[in-house]
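**Q** for reference, the sequence and a predicted model appear below.
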Amino acid sequence: MDKYVTGDVIRRLREAKRMTQEELAEKIFVSGKAVSKWETGRGYPDISLIEPLAKALDISVIELLSGDTVTNRNRAANMAKTEFYVCPVCGNVILAAGEAVVSCCGIILPRLEAEPADEEHRISMERVEDEYYVTVDHPMTKDHYVSFLAAISDQGIQFVKLYPEGCAEARFKISRVKKLYAYCNRHGLVYQICGTRRPKK
């Protein structure tokens, strides 16, 4: 349980609400000693207490599990900072235009770290009128495949979900596209900056 809700997180959130251990305990019907044990790492709240604990601290369960509160600062989103998340349970793909706490199937998802496309995941693009025809020369078996392709511009995201035994290809409107992404279910997220060519060996 310490991987999900640590004593330091409970204490920090409680103190931010200016509550004593006893006041928090009363709200979730446990003893003050129980809260003290959690905060000193000598015990952890039962899973059945996670939702009442989040409610008492006036945050979401996701925020409690992640240890971070999410504040809406009404900032303009920069599409170049788009983050990708993939659920390992159901395969759901979630995109966020910036920092986010994302949960799916009861799991807090880490953001995908993108690497420059290598020879095994080379993203090719061909201009066809007002579109890029994008392909990845990659296996598309049930065990090893490209799960999605995406094109990022300063105005938005174009996204195509792919499936095993299909083709790793997509068409994207060229307008202002800056970067292309491909996600391999085994090796992760790779990108190619539009207009760049890989050096020939």
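**A** Right, received. Where do you want to start?

**Q** would you mind finding the longest helix in the chain?
**A** If you go by DSSP state H, the chain has its longest helix at helix 7-16.

**Q** give me the neighbour count for the nearest residue to C105 once chain neighbours are set aside.
**A** Of all residues not flanking C105 in the chain, V89 sits nearest, at 3.9 Å (CB to CB, 6 or more residues apart in numbering). In short, each C-beta sits where N, CA and C put it, glycine included. Other residues within reach of V89 by the criterion other CB atoms under 10 Å amount to 10.

**Q** and for V160?
**A** If you count neighbours by other CB under 10 Å, V160 ends up with 14.

**Q** mind giving me the packing neighbours of the worst-scoring helix or strand of the chain on mean pLDDT?
**A** Least confident helix or strand of the chain, by mean pLDDT, DSSP states H and E, is helix 61-66 with a mean of 76. Where contact means 3 or more CB pairs under 8 Å, 6 or more residues apart in numbering; DSSP states H and E, helix 61-66 is packed against helix 50-56, strand 107-108.

**Q** one more time with 6 Å
**A** Secondary-structure packing of helix 61-66 (3 or more CB pairs under 6 Å, 6 or more residues apart in numbering; DSSP states H and E): helix 50-56.

**Q** now do the buried residues in the helix it packs on.
**A** 50, 53-54, 56 (16 or more other CB atoms under 10 Å).

**Q** which other helices and strands contact it?
**A** For helix 50-56, the elements it packs on are helix 21-28, helix 61-66, judged by 3+ CB pairs under 6 Å, 6+ apart.

**Q** domain parsing for the protein?
**A** Per automatic domain parsing, the structural domains of the chain span 7-66, 115-193.

**Q** which of these has the lowest average pLDDT?
**A** Lowest mean pLDDT within the domains of the chain: domain 7-66, a mean of 88.

**Q** how long is that domain end to end?
**A** One end of domain 7-66 sits 13 Å from the other (CA to CA, to the nearest Å).

**Q** of the buried residues of helix 50-56, closest to V30?
**A** Proximity of the buried residues of helix 50-56 to V30 (CB to CB) peaks at L53, which lies at 9.2 Å.

**Q** tell me who's in contact with the closest one.
**A** Neighbour list for L53: 28, 45 [criterion: CB atoms under 6 Å, 6 or more residues apart in numbering].

**Q** make 45 the starting number, not 1.
**A** In the new numbering, first residue 45, that becomes L97.

**Q** export the helices and strands packed on helix 94-100 to TSV and tack on distance to V53 and mean neighbour count?
**A** Shown next, in TSV, are the helices and strands packed on helix 94-100 (distance: least, CB to CB, whole Å; neighbours: other CB atoms under 10 Å):
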stretch	distance to V53	mean neighbour count
helix 65-72	13	17
helix 105-110	7	18
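
**Q** I237: which of those is closest?
**A** Using CB to CB, the nearest of the helices and strands packed on helix 94-100 to I237 is helix 105-110, at 31.1 Å.
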